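Enquirer: Structure, please.
(one chain, ligands or ions: 2)
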Amino acid sequence: MQEAIILVGGKGTRLRPLTNHTPKPLLGVAGSSFIRHQIAKLSDAGVEHVVFATSYLAALFEQEFKDFSEDLEISYAVEEVPLGTGGAIRNAGRLLRGTSADAPVLILNGDILSGVDLRALLERHQARDADVSLHLTRVPDPRAFGLVPTDQAGRVLAFLEKPKTPEECVTDQINAGAYVFRRSVLDAIPADREVSVEQETFPRLVTAGRRVFGHTTDDYWRDLGTPLAFVHGSADLVTGAATSPLVAAPAQALIHPTATVDPTARVTGGSTVGPHAVIGPHALVDRSIVGARVSVAEGARIHESVVDHDSSIGAESCLREVVVGCHAHVGPHNELPAQLRLSCGIRIPAGGVRVSGTAVACPTVH
Ligand code: GDD
Ligand code: MG
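Expert: Ligands and ions are numbered 1, 2, ... in the order given. The predicted model follows:
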């Protein structure tokens, strides 16, 4: 039986306020929670049992899958206190069914949208008789990731998590967040304290001369941990630039059947519009995620942004690379610039925020 662990215990701080009430893997992308896309991919790769390593808002995972009836069994390893990525793997290992010390266990970070062929990763691991295999990819700027230089044969030479100095940036090849561990290597991770797999386990295994190999591919790959990456990942799934067994056919937009989109509005670039959302006349929603029951008024423009459920965007307002928390209200004629995050429930009055020189007349009596 092929088994897998998914690390889903992080707080998703870079995605706040979306993650205030919802763990990152349960946020909706391309019409399903992200973790459902991952489960479908694991199922396609022949995985029959998955252990979720949960911590932050752990109960919501069990709620999400309470009616799950596919041919894949899910177990929950809950950390009362986060154990770090290595500790989480070790802790989840207790719930694996297999008993063979050599069994290959697939491990995934819970926020990676990737086209990698997981069967190929497993096969290569076995063919090399590896202790650990890491999926690796190349990125233009590796500083936010774990750097993994390898030799000609793919053997890992070092593991440098989030390099601090230019000298440490020895490669553009990074840890892509999907591993195969030999079961006995997983069981050797310390069980009595917090452990980072990136900062402690991988460097130690390499130093100890264990068989740690990289599996480098140029498949589609994105860590969805930041707002812009999150909207881009969702849009890529809708347009078919990234694939998931849960997305049937490429499209310009994914509009829930209960949503209402005015015929003069445009929903483009792989945007999703959630249940009971209303998009008004001449509005534009481009490469964005509009949540359940959101209303977008006439002439509003939303680019590369997330508007969480039960919020409203006023007429002629413009959002670019913005995150709007749930139950927020943006009045008409606002112009919200990149990187702005609106807290849940916040209210911005008409014309309250502008970046161009067209601020509305001063309403205060002096
Ligand atoms: N159960 C549990 N417990 N899960 C955790 C914990 C914990 O204490 N800490 C983090 N996680 C989970 C997160 O939920 C996420 O799914 C995964 O571990 C990785 O954590 P991130 O916070 O997303 O890490 P990152 O993106 O900064 O870096 C990681 O991913 C990069 C690839 O995107 C590292 O693995 C890097 O080496 C890698 O390059
Ligand atoms: Mg991440």
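
Enquirer: Spit out the contact partners of the closest residue to residue 159 other than its chain neighbours.
Expert: Nearest residue to residue 159 in three dimensions, chain neighbours excluded: residue 202, at 3.9 Å (Cβ to Cβ, 6 or more residues apart in numbering). Backbone N, C-alpha and C define where each C-beta goes, glycine included. Residue 202 is in contact with 132, 134, 146, 156, 159, 175, 212, counting by Cβ atoms under 8 Å, 6 or more residues apart in numbering.

Enquirer: Longest helix of the chain, counting residues only.
Expert: When the chain is scanned for its longest helix (criterion: DSSP state H), the result is helix 227-239.

Enquirer: Measure how far the helix or strand following that helix is from the centre of its chain, please.
Expert: Beyond helix 227-239 in the direction of the C-terminus, DSSP states H and E gives the next helix or strand as strand 253-255. Using Cα atoms, centre = their mean, to the nearest Å, the mean C-alpha position of strand 253-255 is found 20 Å from that of the whole chain.

Enquirer: got the buried residues for strand 253-255?
Expert: Residues of strand 253-255 classed as buried by neighbour count (16 or more other Cβ atoms under 10 Å): 253, 254, 255.

Enquirer: returning to that earlier point: please dump the contacts of residue 202 into TSV; it should also carry secondary structure and pLDDT for every row.
Expert: Formatted as TSV, the entries for the contacts of residue 202 read as follows, by DSSP: H, G, I helix; E, B strand; the rest coil; pLDDT from 0 to 100:
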residue	secondary structure	pLDDT
132	strand	98
134	strand	98
146	strand	97
156	strand	98
159	coil	96
175	strand	98
212	strand	98
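
Enquirer: rewinding a little: the longest helix of the chain and ligand 2 in contact?
Expert: No: judged by Cβ under 5 Å from the ion, helix 227-239 makes no contact with ligand 2; its nearest approach is 8.9 Å.

Enquirer: For that helix, list the C-alpha coordinates in PDB.
Expert: The C-alpha atoms that make up helix 227-239 are tabulated as PDB, following Å, rounded to 0.1, in the frame of the first residue of the first chain:
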ATOM      1  CA  PRO A 227      -1.300  36.300  -2.000                       C
ATOM      2  CA  LEU A 228       0.000  36.900  -5.500                       C
ATOM      3  CA  ALA A 229       1.200  33.300  -5.900                       C
ATOM      4  CA  PHE A 230      -2.100  32.100  -4.600                       C
ATOM      5  CA  VAL A 231      -4.200  34.000  -7.100                       C
ATOM      6  CA  HIS A 232      -1.800  33.000  -9.900                       C
ATOM      7  CA  GLY A 233      -1.900  29.400  -8.900                       C
ATOM      8  CA  SER A 234      -5.700  29.400  -8.900                       C
ATOM      9  CA  ALA A 235      -5.900  31.200 -12.300                       C
ATOM     10  CA  ASP A 236      -3.400  28.800 -13.800                       C
ATOM     11  CA  LEU A 237      -5.500  25.800 -12.800                       C
ATOM     12  CA  VAL A 238      -8.600  27.400 -14.400                       C
ATOM     13  CA  THR A 239      -6.800  28.300 -17.700                       C
END
